[in-house]
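*Asks:* Need a 3D model of the sequence below.
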Amino acid sequence: MDFILHLIGFDWKTGKGKPYRCFTYGAAFSEVEIDTLTGDFHTRVASIIMDLGFSLNPAIDVDPRSFYARFGLVALEEPKWGDGAHKWIPPSCLYTSGPGAYKIPSINDVPLKFNVSLLKGHPNIKAIHSSKAVGEPPFFLASAVFLAIKDTIAAARLEVGCSDWFPLDNPATPERIRMACLDDITSSLINSDFHPKLSV
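*Replies:* Predicted coordinates:
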């Protein structure tokens, strides 16, 4: 172990150096469009940039699957458990345990424009072929879609004169988007800080 830490530039006795050379970094941007009457939304643009050192195979590393997995979690897949609000589900049982019981991302959820870029000119000098591993790191980047949805709702609320903070729970399902967009219909049913009951 000491030999390996020495190779990567870490002094075990002093605790100085960089023991982890494979940290990956990334950033994402998303642009969404929502229907304020139905709560439906579509991701118009999603752009990702990742630092993977010198990619061993860009055709494999530029893989949107982990982005879409997280996209489903932040915008579509609402867990439903057996509780007082869901009496048709046995107590403490998870109803949404597979794609037959909840909506997973489909071809219609793919952004109209999807850009994936790899940062160039920053090798991982202590790794095989100066690369960094990738797989799950882009998973969190789809949170940009959730945040874009919230920003879009905020813009819609501003049009009706409401600039107050509002809660938006994950996942941002069409039902939650619709109830967060204030208008004459929703205002007669809820107040501006409506917080839906979660089934978790």
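
*Asks:* now the helices: where do they sit in this protein?
*Replies:* Assigned by DSSP state H, the helices in the chain fall at 2-7, 58-61, 65-75, 143-159, 174-180, 184-187.

*Asks:* contacts for the longest one?
*Replies:* Looking back up the chat, that one is helix 143-159. 28-34, 36, 41, 43, 46, 70-71, 74-75, 163-164, 166, 168, 170-172, 177, 180-182 (Cβ atoms under 8 Å, 6 or more residues apart in numbering). For every residue, glycine as well, the C-beta is placed using N, CA and C.

*Asks:* Next, the contact list for the closest residue to Ser47 other than its chain neighbours, please.
*Replies:* Using Cβ to Cβ, 6 or more residues apart in numbering and skipping the chain neighbours, the partner closest in space to Ser47 is Asn115 (4.2 Å). The contact partners of Asn115, by Cβ under 8 Å, 6+ apart, come to 45-48.

*Asks:* picking that back up, with mean neighbour count and mean pLDDT added, can I get the helices of the chain in CSV?
*Replies:* Below are the helices of the chain laid out as CSV (neighbours: other Cβ atoms under 10 Å; pLDDT from 0 to 100):
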stretch, mean neighbour count, mean pLDDT
helix 2-7, 10, 46
helix 58-61, 12, 74
helix 65-75, 20, 82
helix 143-159, 18, 94
helix 174-180, 20, 89
helix 184-187, 12, 81
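
*Asks:* possible to save these as TSV with distance to Phe23?
*Replies:* Formatted as TSV, those follow (distance: least, Cβ to Cβ, whole Å):
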stretch	distance to Phe23
helix 2-7	16
helix 58-61	15
helix 65-75	16
helix 143-159	18
helix 174-180	34
helix 184-187	44
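
*Asks:* Can you tell me which of these is nearest to Leu119?
*Replies:* Evaluated over the helices of the chain, closeness to Leu119 peaks at helix 58-61, with 11.3 Å, by Cβ to Cβ.

*Asks:* For the closest one, name the packing helices and strands.
*Replies:* Packing partners of helix 58-61 (3 or more Cβ pairs under 8 Å, 6 or more residues apart in numbering; DSSP states H and E): none among the helices and strands.
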